[in-house]
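> heads up, no residue letters with this:
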């Protein structure tokens, strides 16, 4: 993970903008800031998961895995 994004996600402060509608679980748009650096992210808390019959609990882990995989292929660009 590039340094900027890692600092934002591990050290930044999160401001909740709102719930993203029509998702199967609670999904939020957030603004993350660390010093002068600001970015946006999608936050899917484990506590907001609704159990699904076709997936094990812990869907947020799958989201992280998808991010890491796309980054390893170089197809992810954060703005």
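Arrived safely, thanks for sending. Not measured: the values here are computed from a predicted model.
> From now on I want contacts and neighbour counts done on CA atoms only, so please keep to that.
Will do.
> For the chain, which residues score under the pLDDT cut-off?
Applying pLDDT under 70 to the chain flags the ranges 1-2, 75-79.
> and the residue of it positioned farthest from its centre, what does it touch?
Within the chain, residue 53 marks the point farthest from the mean C-alpha position, 22.8 Å out by Cα atoms, centre = their mean. Neighbour list for residue 53: empty [criterion: Cα atoms under 8 Å, 6 or more residues apart in numbering].
> quick one: it from residue 34, how far?
Distance of residue 53 to residue 34, computed by Cα to Cα, to the nearest Å: 38 Å.
> now do residue 45
Residue 45 is 20 Å from residue 34, where distance means Cα to Cα.
> Looking at the two, which one has more neighbours?
Using other Cα atoms under 10 Å as the criterion, residue 45 and residue 34 rank with residue 34 on top: 17 against 14.
> Tell me if I'm right that the more buried one and residue 7 touch.
Yes: using Cα atoms under 8 Å, residue 34 is in contact with residue 7, at 7.1 Å.
> what ranges do the strands span in this structure?
13-19, 28-34, 37-43 (DSSP state E).
> where's the residue lying closest to residue 57 once chain neighbours are set aside relative to residue 26, distance?
Leaving aside its sequence neighbours, residue 57 sits nearest to residue 51 (Cα to Cα, 6 or more residues apart in numbering; 6.5 Å). Going from residue 51 to residue 26 by Cα to Cα gives 12 Å.
> my read: residue 42 touches residue 32, true?
No: using Cα under 8 Å, residue 42 makes no contact with residue 32, being 10.0 Å away.
> Neighbour count: those two, which is higher?
It is residue 32, of residue 42 and residue 32, that has more neighbours when counted by other Cα under 10 Å, with 21 against 14.
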